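Chemist: sequence unknown, structure follows:
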């Protein structure tokens, strides 16, 4: 069955669409629908949460990796990983440099295949739906599974507002939903969810690149939230930030997990301990161990995990 | 003393001398390069300004150049001809050139076809401009048995501009950081939208510069126009007929035995330089504004 995962909306809002699985083949217009239909109709600004943070509109979805292998040309970087990312939990992935953490995460929204010569094998299930199914449009996958990169990278030609609206604008089909007025409520909600609204509400039309590094990274998080994804992948989101900006991002991750599933790659084991419900340890392209974070850090089953988390190597 | 302890880190006299010589020769090279540039500007202004007058820009050349006191006319037809020919050439070359560059960077990448295209673009960049004129002459004038026409000049200039536009746009597009493309793709944007909304706007200021270089080069070319657009005295708006242009008029005027006509060539040369300068300033202003939007 080729269908996007059914909408798991928990909100009684008028947008609560019956989660009937689609059985038709996916054409691009079809795919655009779920994200648009799920959100409040953009033409009605009165549903916009004008003064309070946006209420979580839905819960995230679980992701399962089944025998995932990833290649750069002939070189196998991820060598068969089976792993579950539970819905509405934060899962941290730790491991030494070059162990395949980032590559694995990039397979989850099919960004890996954007690299010339790279491909992936195995299954990635969003809920129970294989995103590597040949009938799936890769664009739909990336709308459902957002990504935040290592370096804050707001679009340099765009204002703060346009940066957040970029996802809406770049993925919408109708002209109506591309107007600024229609985007305003979603942009504000996304900025509020990213904890950035108070800081930038007066500067919405200034260049996004003019914000500080930490603000830029939260802007990038707002940008990925605006398209209302089920899962957000974060590839070392704090490695370019100072400790205070890092703390803000970590608080944000904690708040966001009520509405999305979060996968975070990190080199910083304290960070994994602070934000993650579960932690996975990878070594040389293979999953060594996964479990509740405090168990991984205190009573790991595998001696290699213990050596790594206690700083004996890596 | 601490100064004595520092002595062993001090530069030797020989090293200091080498530094002075190197710096001096670099400065000398810079000044040497500036001399012809300043002389060009000086000669253009001193010889060209004297022939400028309101009627210089608003009258066509008359062709009466044999007698000392005959009215030789101005350069109106040449100015308008250059604008028309170069405008048509730009309309042809810029979209195609940028399209090729986008394809090379975003789709072709390092495939064999893309590399072949790159090779031929490089070859075209080095082709002397008269060859483009000859090609159009043989293909569209001898080949069709028809006569010179403004649009044929435009085609020759467009061929000349194309490799310059492609190369400069490609270089700028390669400078657009890959993570911008990735983060737009990760938002679920289709590739064509990523190119249209993220890559091209980011590259715009740089592409404007490259396009300007191409336009400036085309506007100053004589050889491709000599036997494609021809030369004429009258102002014409029809690109289908003979059309005057500044470089060709300069070429014809300079070879005239009459002093006043040679002076008109200087005036026309100064006009051409000023036109390109104005174009440059406008484009800079436009691209600066678009960056802040």
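Modeler: Yes, it's here. None of the values given here were measured: they were computed from a predicted structure.

Chemist: So which residues on the stretch 151-293 of chain B come close to chain A?
Modeler: Selection of the stretch 151-293 of chain B residues close to chain A by Cβ under 8 Å from any Cβ of the partner chain yields B:177, B:179-180, B:182-190, B:193-194, B:197-198, B:201-202, B:204, B:290-293. Every C-beta, even on glycine, is put in place using the N, C-alpha and C of the backbone.

Chemist: Now restrict these to buried residues only.
Modeler: The neighbour count (16 or more other Cβ atoms under 10 Å in any protein chain shown) marks B:180, B:182-190, B:193-194, B:197-198, B:201-202, B:204 as buried among those.

Chemist: Take those and keep only those in helices.
Modeler: B:180, B:182, B:183, B:184, B:185, B:186, B:193, B:194, B:201, B:202, B:204 (DSSP state H).

Chemist: helix, strand or coil for the residue nearest in space to the middle of chain A?
Modeler: For chain A, the residue sitting closest to the mean C-alpha position, by Cα atoms, centre = their mean, is residue A:232 at 1.2 Å. Assigned with DSSP: H, G, I helix; E, B strand; the rest coil, residue A:232 falls in the strand class.

Chemist: so what's it bridging to?
Modeler: residue A:146, residue A:262 (DSSP bridges).

Chemist: can you tell me how far it sits from chain B?
Modeler: With distances taken as Cβ to the nearest Cβ, to the nearest Å, residue A:232 is found 10 Å from chain B.

Chemist: I'd guessed that residue sits against residue A:259; true?
Modeler: No. Using Cβ atoms under 8 Å, residue A:232 is not in contact with residue A:259, being 9.7 Å away.

Chemist: give the contact list for residue A:253.
Modeler: Going by Cβ atoms under 8 Å, 6 or more residues apart in numbering or on different chains, residue A:253 touches A:90, A:234, A:262, A:264, A:275.

Chemist: Go through those and say which is closest to residue B:229.
Modeler: Closest approach to residue B:229 among those (Cβ to Cβ): residue A:234, at 60.2 Å.

Chemist: and the closest one, how far is that from residue A:306?
Modeler: According to Cβ to Cβ, to the nearest Å, residue A:234 and residue A:306 sit 26 Å apart.

Chemist: Neighbour count for the two, which is higher?
Modeler: residue A:234 (27 against 17; other Cβ atoms under 10 Å in any protein chain shown).

Chemist: Which element, helix or strand, includes residue B:224?
Modeler: If you go by DSSP states H and E, residue B:224 is part of helix B:223-226.

Chemist: Chain B contacts on the stretch 201-314 of chain A?
Modeler: Counting by Cβ under 8 Å from any Cβ, the stretch 201-314 of chain A comes close to chain B at A:207, A:220, A:223, A:224, A:227.

Chemist: between those, which has the most around it?
Modeler: That'd be residue A:223 among those, by other Cβ under 10 Å, with 32 neighbours.

Chemist: doesn't residue A:162 make contact with that one?
Modeler: No. With contacts defined as Cβ under 8 Å, residue A:223 does not count as touching residue A:162, sitting 9.9 Å away.

Chemist: returning to what we had before: who's in contact with the helix holding residue B:224?
Modeler: By Cβ under 8 Å, 6+ apart, the list of residues contacting helix B:223-226 from outside reads B:85, B:128-130, B:132-133, B:136, B:153, B:156-157, B:159-160, B:245, B:247-248, B:251.

Chemist: and if you look at stretch B:172-183?
Modeler: Residues from elsewhere that reach stretch B:172-183 (Cβ under 8 Å, 6+ apart): A:111, A:114, A:147, A:149, A:151, A:153, A:155-156, A:220, A:223, B:101-102, B:105-106, B:194, B:198-199, B:202-203, B:206-207, B:209-210.

Chemist: avg pLDDT for that stretch?
Modeler: Computed over stretch B:172-183, the mean pLDDT rounds to 91.

Chemist: Check stretch A:222-238 too.
Modeler: 92.

Chemist: And it, end to end?
Modeler: With Cα to Cα, to the nearest Å as the measure, the ends of stretch A:222-238 fall 15 Å from one another.

Chemist: go on, stretch B:71-80?
Modeler: Start-to-end, stretch B:71-80 (Cα to Cα) is 21 Å.

Chemist: Could you pull out the buried residues of it?
Modeler: B:72, B:73, B:74, B:75, B:76, B:77, B:78, B:79, B:80.

Chemist: next one: stretch B:84-102
Modeler: Within stretch B:84-102, the residues scored as buried using 16+ other Cβ under 10 Å are B:84-86, B:88-90, B:92-94, B:97-98, B:100-102.

Chemist: got a list of contacts for that stretch?
Modeler: Residues outside stretch B:84-102 that contact it (Cβ under 8 Å, 6+ apart): B:117, B:121, B:150-151, B:153-155, B:157-167, B:169-170, B:173, B:195, B:199-200, B:207, B:211, B:214-215, B:218-219, B:225, B:229, B:237, B:239, B:243, B:245.

Chemist: which parts of the stretch 1-150 of chain B sit against chain A?
Modeler: Within the stretch 1-150 of chain B, the residues that sit near chain A (Cβ under 8 Å from any Cβ) are B:109, B:110.

Chemist: all helices for chain A, in order.
Modeler: Taking DSSP H as the test, the helices found in chain A are A:28-38, A:101-108, A:138-144, A:160-171, A:180-193, A:197-200, A:213-226, A:243-256, A:269-275, A:293-298, A:303-309.

Chemist: Could I get these in CSV, plus columns for distance to residue A:78?
Modeler: Converted to CSV, the helices of chain A look like this (distance: least, Cβ to Cβ, whole Å):
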stretch, distance to residue A:78
helix A:28-38, 27
helix A:101-108, 5
helix A:138-144, 18
helix A:160-171, 27
helix A:180-193, 31
helix A:197-200, 37
helix A:213-226, 23
helix A:243-256, 24
helix A:269-275, 19
helix A:293-298, 20
helix A:303-309, 17
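
Chemist: Identify whichever of those helices lies nearest to residue B:22.
Modeler: Among those, helix A:213-226 sits nearest to residue B:22 (Cβ to Cβ), with 39.8 Å.
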